[in-house]
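J.: how would this look folded up:
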Amino acid sequence: MNEERRVSGTTLWRATLLVLAGVVLYVAYQAERPPVSPDAPVDLARALWYLACSITLVVVLTLFAGRGRWSWSLSETTWLRLVLLAGLVFMAVGGVAAVRRAGGAPDVIAVAALGLGLLLLPLWRPAGWRVLLACLLAGVALRLVLVPYTLLDARQADMLPLIQAAGQRLLQGQSPYGLYAFHDWSLPLTYLPVTWLAYLPAVAWGADLRLVNVAASAGAVVILWAAARRSAAAPLVGALFLLPQLVAFDLYAEVAVFWLVLTAFLACLVRERYGCAAACYGLALAASPLALVFLPLLFVFLLRRLLARRLAGAMLLAAGVTTALVLPFLLWSPAEFLYGTVTWFNDPAIAGAGGWLDRNQLYQVGLAGWFWLWGWVAGLRPIQAGLVVLATALLWWRGRGWSALLLAMLGAYVGFLYFNLIIWPYLYVPVLWLGFLVLTEGE
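T.: Numbers count the residues shown, from 1 in each chain. Purely as a prediction, here's the structure:
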């Protein structure tokens with residue numbers, strides 16, 4: 001009779017900290033933001049609250065990187081029950097928020113109860129795939145039932161309405177990169193092609209764009225679990241899928257597609273399927289400029305692992321995928337393309353021109369808002385570049401295994417976000433996915 005697998009103290013320590021990081025991000029996301037009109041005074045107490053959340057997140061992630069020194073371990077069965085209990089807590093919090101959002105609608109109440117029941121079913125005889133399946137079904141059901149109760153209103157959140165309008169323009173034979181009259185000011189299409197092209201079938205069929213988000217988010221979770229399935233910690237990604245803010249992001253934001261291609265890239269990378277990883281990285285670069293943060297780290301790490309010819313081939317493949325997707329739209333309307341994807345969120349004079357976007361950054365996890373407040377915005381880009389260079393140098397000096405690369409990517413990404421000109425809360429989701437892979441690769 002085989003002895004049951006044990007989950008090490010290091011894994012338990014890191015899993016606890018990763019969940020805590022998700023909770024810190026949720027608490028910050030839930031905090032009420034004060035008015036951010038040009039004439040509104042700075043709410044210093046609220047800004048200090050976000051600063052405290054920012055510092056706490058850095059402390060948690062620093063402890064996470066340190067691996068911990070717990071000597072005790074748990075049986076895999078007990079561990080899986082703890083994962084399910086975490087999922088139950090997240091589902092309960094998300095269910096209450098969903099019921100309140102829907103005004104006590106019976107269908108939302110029923111789905112929230114169904115999700116709790118799904119998580120209770122495998123509690124006493126848990127297995128890794130059962131835990132993941134229960135979390136996936138509960139999370140998908142909660143997202144789907146909330147779609148009709150979340151209007152696609154550009155005045156509340158303009159991301160998906162902008163993508164929908166861009167898709168309609170493309171289907172009419174017009175360049176999607178142009179100006180859109182959603183507000184008192186003209187708004188350009190700010191997204192790179194992979195992000196909005198992923199929604200094009202839904203636009204063409206008249207389907208709700210949030211269905212793409214749900215499928216992409218669930219797909220990212222499945223990919224992560226498959227990449228880490230040999231680890232006892234693998235089912236934890238299912239509980240993270242139930243974090244209430246991740247549910248909310250799928251209802252109004254556009255980043256689920258980036259999460260999907262980024263996780264596919266990371267999964268292929270750690271399994272040393274370099275051709276697939278290069279193609280997925282090319283997709284990630286054509287989805288979000290944030291993927292560029294990882295490029296120097298990847299180069300110095302793979303320089304030691306791959307022959308020069310193979311590394312060059314992988315880089316050319318990634319560049320080719322990105323070019324094939326970006327170049328047609330760049331050539332179609334170059335000025336509009338560059339204005340939306342490069343200038344709009346990178347020129348402080350434009351980003352702060354409305355008098356609200358710069359003030360809003362004080363009430364986000366990160367430090368950019370203080371640079372806006374004190375007029376030090378010009379210092380943000382050099383700090384970002386310096387942090388990425390520092391992470392790359394440390395990786396070159398001390399990094400050897402996949403855990404070292406993933407930790408360097410995690411540190412570089414968080415540092416880059418903290419000092420980004422514009423910070424949105426949903427940009428932190430890759431922190432959780434990178435942390436999950438660190439956890440499972442470091443066992």
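
J.: quick one: contacts of stretch 116-133?
T.: With C-beta atoms under 8 Å, 6 or more residues apart in numbering as the test, stretch 116-133 has contacts from 77, 80-81, 83-85, 87-88, 91-92, 95, 134-135, 137-138, 141, 221, 225, 229, 232, 234-235, 237-238. Every residue, glycine included, has its C-beta placed from N, CA and C.

J.: return the alpha-carbon coordinates of that stretch using CSV.
T.: Output in CSV follows, covering the C-alpha atoms of stretch 116-133 (Å, rounded to 0.1, in the frame of the first residue of the first chain):
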residue,chain,number,x,y,z
LEU,A,116,-20.7,26.5,-2.2
GLY,A,117,-22.2,23.0,-2.6
LEU,A,118,-19.8,22.1,-5.4
LEU,A,119,-16.9,23.0,-3.1
LEU,A,120,-18.4,21.0,-0.2
LEU,A,121,-18.8,17.8,-2.3
PRO,A,122,-15.1,16.7,-2.5
LEU,A,123,-14.3,18.0,1.0
TRP,A,124,-14.1,14.7,2.8
ARG,A,125,-12.6,12.6,0.0
PRO,A,126,-10.5,15.2,-1.9
ALA,A,127,-8.4,14.5,-5.0
GLY,A,128,-6.4,17.1,-6.9
TRP,A,129,-8.6,17.0,-10.1
ARG,A,130,-11.8,17.1,-8.0
VAL,A,131,-10.7,20.2,-6.1
LEU,A,132,-9.8,21.9,-9.4
LEU,A,133,-13.0,20.9,-11.1
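
J.: gap between that stretch and the chain center?
T.: 25 Å (C-alpha atoms, centre = their mean, to the nearest Å).

J.: about what we covered before: list only buried entries from the contacts of stretch 116-133.
T.: Among the contacts of stretch 116-133, those that count as buried by neighbour count (16 or more other C-beta atoms under 10 Å) are 80-81, 83-84, 87-88, 91-92, 95, 134-135, 137-138, 141, 221, 225, 232, 234-235, 237-238.

J.: the closest residue in space to residue 264 that isn't next to it in sequence in helix, strand or coil?
T.: Nearest residue to residue 264 in three dimensions, chain neighbours excluded: residue 280, at 4.4 Å (C-beta to C-beta, 6 or more residues apart in numbering). Three-state assignment for residue 280 (DSSP: H, G, I helix; E, B strand; the rest coil): helix.

J.: contacting residues around residue 280?
T.: 261, 262, 264, 265, 268.

J.: 7 Å - rerun?
T.: Residues counted as contacts of residue 280 (C-beta atoms under 7 Å, 6 or more residues apart in numbering) are 261, 264, 265, 268.

J.: redo those residues as TSV? Include distance to residue 359, secondary structure and pLDDT.
T.: Shown next, in TSV, are the contacts of residue 280 (distance: C-beta to C-beta, whole Å; DSSP: H, G, I helix; E, B strand; the rest coil; pLDDT from 0 to 100):
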residue	distance to residue 359	secondary structure	pLDDT
261	32	helix	97
264	37	helix	96
265	35	helix	97
268	41	helix	94
